[in-house]
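1. structure for this input, please:
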Amino acid sequence: MSAMEINGGSVIAMLGKDCVAIACDLRLGNQALTVACNQEKIFSITPTTYLGLPGLASDTLTVYEKLRHRTNMYAMREDRLITPTTFTHLVSSTLYERRFGPYFIEPIIAGLEADGTPFVATTDLIGCINAAKDFVVAGTASEKLYGMSEALWEPGLDAEALFETIGQALLNAVDRDAYSGWGAVVYVIEKDKVTKRTLKARMD
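-> Okay, the predicted model is just below:
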């Protein structure tokens, strides 16, 4: 049993046309035992940068608080909000500091750059960055999410089509994973607004 699978959960992010979406399931478990079905794994870093943290629940909270502190310090020192690309490198260096005793999480970063360009990336446990031009996935349903995303995603999706695509990809993938599911939440990030929607899912 991998420590990554103890609490379950999955996160996915997709690029659209002038928008980006990030979604997660809501299950918190202790292996096969479901503890709660309201555990969000997505956190707002800035109005246009969001962070998804699937993996060990205690490490999720620890890393989020550490990154929140460092992001606030960056904003005070630089007198501007951190961009998704810069934040990705901050996440990477923070995880690499603990490379000999890593946090058991796989972060996903999604957001819009200062010029409105959509951006998604993920890292592994020790901070190796994978920036993608289509979508990134992490968590216990990763293999299923890859398959669904490859089948459904296409370039140039607008905000509404992107929501439908990421929602269907996530719901169909977690239905095939015993450690994920029990509802989902989707954030669609556009230049002037962020739309949050909660999805119903199978509860068995």
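
2. low-confidence ranges, this protein, go.
-> Filtered on pLDDT under 70, the chain yields the residue ranges 1.

3. what residues does the residue nearest the centre of the chain make contact with?
-> Centroid-nearest residue in the chain: Gly52, 2.8 Å away (criterion: C-alpha atoms, centre = their mean). Contacts for Gly52 (C-beta atoms under 8 Å, 6 or more residues apart in numbering) come out as Val11, Ala13, Ile22, Cys24, Lys41, Ile42, Phe43, Pro107, Ile108, Ile109, Ala110, Ala138. Every C-beta, even on glycine, is put in place using the N, C-alpha and C of the backbone.

4. going by distance to Leu152, which of those wins?
-> Nearest to Leu152 among the contacts of Gly52: Ala13, at 14.0 Å, using C-beta to C-beta.

5. I'd like the next helix or strand past the helix or strand harbouring Ile45.
-> For Ile45, the host element (DSSP states H and E) is strand 42-46. The C-terminal neighbour of strand 42-46 among helices and strands, as given by DSSP H and E, is strand 49-52.

6. how far away is the closest residue to Tyr96 other than its chain neighbours from Ala201?
-> Nearest residue to Tyr96, sequence neighbours excluded (C-beta to C-beta, 6 or more residues apart in numbering): Gly127, at 4.0 Å. Remark: distance between Gly127 and Ala201 (C-beta to C-beta, to the nearest Å) = 31 Å.

7. what's the local residue count around the nearest residue to Pro84 once chain neighbours are set aside?
-> Take Pro84 and drop its neighbours on the chain: the residue closest to it by C-beta to C-beta, 6+ apart is Gly111, 3.6 Å away. A count of nearby residues for Gly111, using other C-beta atoms under 10 Å, gives 27.

8. residue ranges for the strands of this protein, please.
-> With DSSP state E as the criterion, the chain has strands at 10-15, 19-25, 28-30, 33-36, 42-46, 49-52, 108-112, 118-123, 129-132, 135-139, 184-190, 194-199.

9. residues of the fourth one that come out buried?
-> Applying a neighbour-count criterion of 16 or more other C-beta atoms under 10 Å, the buried positions in strand 33-36 are Thr34.

10. who does it pair up with?
-> strand 28-30 (antiparallel) (DSSP bridges).

11. distance from the strand it pairs with to the middle of the chain?
-> Put simply, strand 28-30 sits 18 Å off its chain's centre (C-alpha atoms, centre = their mean, to the nearest Å).
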